[in-house]
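In: Sequence plus the predicted model coming up.
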Amino acid sequence: MSSYDVLRGYYALHEEIGAGGFGKVKLATHLLTDQKVAIKIIDKKAIGRDLPRVKTEIDALRSLSHQYISRLYQYIETEEKYFIILEYCSGGEMFDYIIRKRRLEESEARHFFRQLLSAMAYIHSQGYAHRDLKPENLLLTEEVHLKVIDFGLCAKAAGRLETHHLETLCGSPAYAAPELIQGQLYKGNEADVWSMGVLLYALLCGQLPFEDDNMQLLYRKIAKGNYEEPKELTQQSRDLLRGMLQTNPKERITIQEILQHPWVNHKHSHQIKWNTIYDKNVIDEDVAREMAFYHKMSLAQMIEKVKEWRFDYMTATYFLLLQKKRQGAHYALPMPPRVAGASTNESNVLASPTIHASLDNHLDRSGLEEEFETSDGTSTSSGSVEHILRDLPKATRRASANEHDRVRFAKPRSPDREKQISYLNAVLNMESHITGISPKNPKNHQRLLFDSPAVSGAQTTCKSANNTPARQKTRDGEVVPEKENRYYRPGAASVRGPLKVYAEDTGTCRTIYATPCRPPLRGLFSPQKAEAVPRQRARSSDRGTQKTVASVAVGSPASIGSGSNCDGRTPRSSTKTPRLRQRVFTSLERKAERMINLLTPRKMKTDSPQVIRSTKNMVNVSVTSSSSPKRVRQELVNVFEQQNMSFELKGWKISGQKKDATGSMTVELEVVFLENCNTVGIKRKRLNGDAFLYKKVCEKVLQMADLKTT
Ligand SMILES: Nc1ncnc2c1ncn2[C@@H]1O[C@H](COP(=O)(O)OP(=O)(O)OP(=O)(O)O)[C@@H](O)[C@H]1O
């Protein structure tokens, strides 16, 4: 039996995304919600005497719940391992910003510092000190929100943190306060302020204030507190840094004072409201209802269950669905299993240690930072799948106690929604003769249902009058010849399943569909009028699916209510409830994705570099001036060799190791194709080791490789 068996049926493990002193961190998918999570896997034997560190981290994370802290979803302990399932921060390390830009503009640094300050003010208010603040422990989400991670060294004061003295020497020397490295008793909150000062300096100046390969010399520099002030720094930032990097902890600026500092509040009309936006007493009813249906419980029972805050699979599902809802994505669970408890490991996972979250805090909804608000506070919809989603049952849309949050969190098009659209098209790219008509136009719904393969003979009478077989309109109104439309184009609804490959011969990127490539049935998903898709006979194995897709995806509740076939019969789908339809659809999406993955030849997956559609929020990607991935890969290999770094080449990824006096560091560089600029890029990742060593190596490699990166 594998030590990972406990995850089977609940999480799908993917690649390793990080490693620390206490184990590795893997990317995974929470299967029930199809959401990405990070799983920190700690081997009990390997960790040995440091076992209490894990307990400390779990205890802290189950208590601390804040918008700028990576959230604990679930915790599993087996005989051999600990699995800590966390909110996944897909935006990489905040530190990668510095590598890309050398140093940040003050306004950019302020953006991140305000988020860090918000998290730290909250952590201290809960009686905790982090004690290991360093760039490696500040990650970013896709929306470029900062998340503090790694609470393994944190300390909890029995009483007030301000009066509680600590003596353990911990953290990374370059970020450690003078009183700490001198072995004096210290206060956790004061030591954290020092580390925040080092971090702010690193953001503004692109280097550390105190640096030396020799540990004794480094300690001496820290104790003296002398550092260089680059001339670009403004007076306000110098003043704040001096306050934070004050060697005498009694004279050091406090968190409360930092919150009021003019540099922090520059061009901000209000001070940071650092309270958490989460409240354990408010359970989102829409999400709970969804879970209740799946688990065949009443809403009241489900709310009670969630409120137990056991940090088991139930807690994880609740948090992940809530996150989806807040992102404006649809959050239906698939159809419930036919047999109760069909999932193999349910008892195992649900029986993971009961951890009561003490999320007691003073909820201040106005505590949401401006960074969490959208410009208009609403979700805009550009794709017509949005209309399908809008057609969801009222219950799923009804404003709940947390609706306020939802609107504030809503953004124009979440990645989930993007994925969803992709899945839908993936399903629809299968051989099909369903003619699509935008659900936007209710009159068309009926016609769509008629056009499903279930209804023979309806095709001619129900076809849209606006058919233009030779030329088709995209969602943006762009007119393209039908032939071109077979491939992915920016602006057309994209498909996650089908593979994007870089074609070396043409220097372009194209999409390969595992199933025969048909133009997406844009009528279903675009606000444009329906188009004719040449009718073909579906494969028998597909027919059932098509029928379901047509009836499930297309009809809105309104159309279902009034829908009858050309022959006067009520379509079978109309008997389904809209909620049920959504669930069936969710299940179908998952199946389609799995099928596409299975059918995509493995060779295609590895022969071409990964295609990245947009680098907008990707702080860890450098753009090169080259259009040849092979050349870029060869240049990188040359540099690793010149630098005498041991490296390993795996497909388009090269991982290299560098050692210096302070330790070792492993960097992974991946050659990717950047679709938006039609050129090759290099994606960086620190696999382990010191962030500044990583910075130095990346800068050197990118500078030496003759690629003109930006
Ligand atoms: N929630 C997350 N999302 C994405 N990546 C993560 C997440 N948590 C951790 N990682 C990655 O894994 C690395 C190691 O995680 P973490 O620092 O928690 O482990 P650790 O064993 O406690 O490390 P350390 O030895 O630095 O204390 C991080 O630097 C980061 O790259």
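Out: Yep, that arrived.
In: Just to be sure, residue 143 is in a helix?
Out: No - according to DSSP: H, G, I helix; E, B strand; the rest coil, residue 143 belongs to no helix; its state is coil.
In: pLDDT score for it?
Out: Predicted confidence (pLDDT) for residue 143: 85.
In: Same question for residue 697.
Out: Value listed for residue 697 in the pLDDT field: 85.
In: what about it, how many neighbours?
Out: By the criterion of other C-beta atoms under 10 Å, residue 697 has 26 neighbours. Glycine gets a C-beta too; all of them are placed from N, C-alpha and C.
In: ditto for residue 3
Out: Counted with other C-beta under 10 Å, residue 3 comes out at 14.
In: Residue 592 versus that one, what's the distance?
Out: 32 Å (C-beta to C-beta, to the nearest Å).
In: got it, and residue 193?
Out: For residue 193, the distance to residue 592 - C-beta to C-beta - is 52 Å.
In: same check, this time on residue 630
Out: Using C-beta to C-beta, residue 630 is found at 33 Å from residue 592.
In: who has more neighbours, those two?
Out: Neighbours were counted for residue 630 and for residue 592 using other C-beta under 10 Å; residue 592 has more, 23 against 13.
In: Any part of the lengthiest strand in the chain near the ligand?
Out: Among the elements of type strand in the chain, defined by DSSP state E, the one spanning the most residues is strand 663-674. No - on the criterion C-beta under 6 Å from any ligand atom, strand 663-674 is out of touch with the ligand, staying 10.9 Å away.
In: Adjust the sequence numbering to begin at 252 for everything that follows.
Out: I'll keep to 252 as the first residue from here, and by that count the last item is strand 914-925.
In: Restricting to C-alpha, output that strand in CSV.
Out: Once non-C-alpha atoms are left out, strand 914-925 reads as follows in CSV (Å, rounded to 0.1, in the frame of the first residue of the first chain):
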residue,chain,number,x,y,z
GLY,A,914,24.0,26.9,1.1
SER,A,915,22.6,25.5,-2.1
MET,A,916,19.8,26.4,-4.4
THR,A,917,18.0,24.6,-7.2
VAL,A,918,16.5,26.6,-10.1
GLU,A,919,14.2,25.3,-12.8
LEU,A,920,14.1,27.1,-16.1
GLU,A,921,11.4,26.0,-18.6
VAL,A,922,11.3,27.1,-22.2
VAL,A,923,7.8,28.1,-23.1
PHE,A,924,6.0,29.6,-26.1
LEU,A,925,4.3,32.9,-25.5
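In: State the mean pLDDT of stretch 910-929.
Out: The average pLDDT within stretch 910-929 is 84.
In: which parts of the protein sit against the ligand?
Out: Residues of the chain found near the ligand (C-beta under 6 Å from any ligand atom) are 268-274, 276, 289, 291, 321, 337-340, 387-388, 390, 400-401, 403.
In: mind checking the backbone torsions on residue 951?
Out: Dihedral pair for residue 951: phi -60, psi -50, per degrees, to the nearest 10.
In: quick one, what contacts the nearest residue to it once chain neighbours are set aside?
Out: Using C-beta to C-beta, 6 or more residues apart in numbering and skipping the chain neighbours, the partner closest in space to residue 951 is residue 894 (6.9 Å). For residue 894, the contact set (C-beta atoms under 8 Å, 6 or more residues apart in numbering) comprises 907, 909, 948, 951-952, 955.
In: farthest-separated two in those?
Out: Within the contacts of residue 894, 909 and 955 form the most distant pair, 13.6 Å apart (C-beta to C-beta).
In: Need the residues that contact stretch 490-504.
Out: By C-beta under 8 Å, 6+ apart, the list of residues contacting stretch 490-504 reads 428-430, 437-438, 441-442, 444-445, 447-449, 451-452, 455, 460, 474-476, 478, 480, 484, 508-509, 512, 514-515.
In: again, only using 6 Å
Out: Applying C-beta atoms under 6 Å, 6 or more residues apart in numbering, the set of residues contacting stretch 490-504 from outside is 429-430, 441, 444, 448, 452, 476, 512, 514.
In: Filter those down to the ones in helices?
Out: 429-430, 441, 444, 448, 452, 514 (DSSP state H).
In: quick one: low-confidence ranges for the stretch 352-501 of the chain?
Out: Of all residues in the stretch 352-501 of the chain, those with pLDDT under 70 make up the ranges 409-422.
In: Residue in it with the shortest distance to the ligand?
Out: residue 401 (3.7 Å; C-beta to the nearest ligand atom).
In: backbone phi and psi for the closest residue to that residue other than its chain neighbours, please?
Out: Excluding the flanking residues, the one nearest residue 401 by C-beta to C-beta, 6+ apart is residue 388, at 4.5 Å. Recorded main-chain torsions at residue 388 are phi -100, psi 10, according to degrees, to the nearest 10.
In: Assess the claim that residue 388 and residue 403 are in contact.
Out: No - using C-beta atoms under 6 Å as the test, residue 388 is too far from residue 403 to be in contact (9.8 Å).
In: and of the contacts of residue 894, the nearest to the ligand?
Out: Among these, residue 948 lies closest to the ligand (C-beta to the nearest ligand atom), at 15.9 Å.
In: which ones are touching that closest one?
Out: With contacts defined as C-beta under 6 Å, 6+ apart, the neighbours of residue 948 are 909, 918.
In: which residues sit against the one helix or strand residue 268 maps to?
Out: Assigned by DSSP states H and E, residue 268 falls within strand 262-271. The contact list for strand 262-271 (C-beta under 6 Å, 6+ apart) reads 275-281, 939.
In: Mind checking what helix or strand follows the helix or strand where residue 309 lies in sequence?
Out: Residue 309 belongs to helix 302-314 when elements are defined using DSSP H and E. Using DSSP H and E, the helix or strand that follows helix 302-314 in sequence is strand 323-328.
In: Identify the residues contacting that next one?
Out: Outside strand 323-328, the residues within contact range by C-beta under 6 Å, 6+ apart are 257, 309, 312-313, 334-336, 562-563, 567, 570, 603-604.
In: Report the rounded mean pLDDT for that strand.
Out: Here the average pLDDT along strand 323-328 is 96.
In: and the next element down the chain from that strand?
Out: That would be, after strand 323-328 and using DSSP H and E, strand 332-338.
In: All the helices of the stretch 852-961 of the chain, in order from the start?
Out: With DSSP state H, counting those that start in this stretch as the criterion, the stretch 852-961 of the chain has helices at 853-858, 880-893, 942-955.
In: closest one to residue 380 among these?
Out: Closest among the helices of the stretch 852-961 of the chain, once you apply C-beta to C-beta, is helix 942-955, at 21.0 Å.
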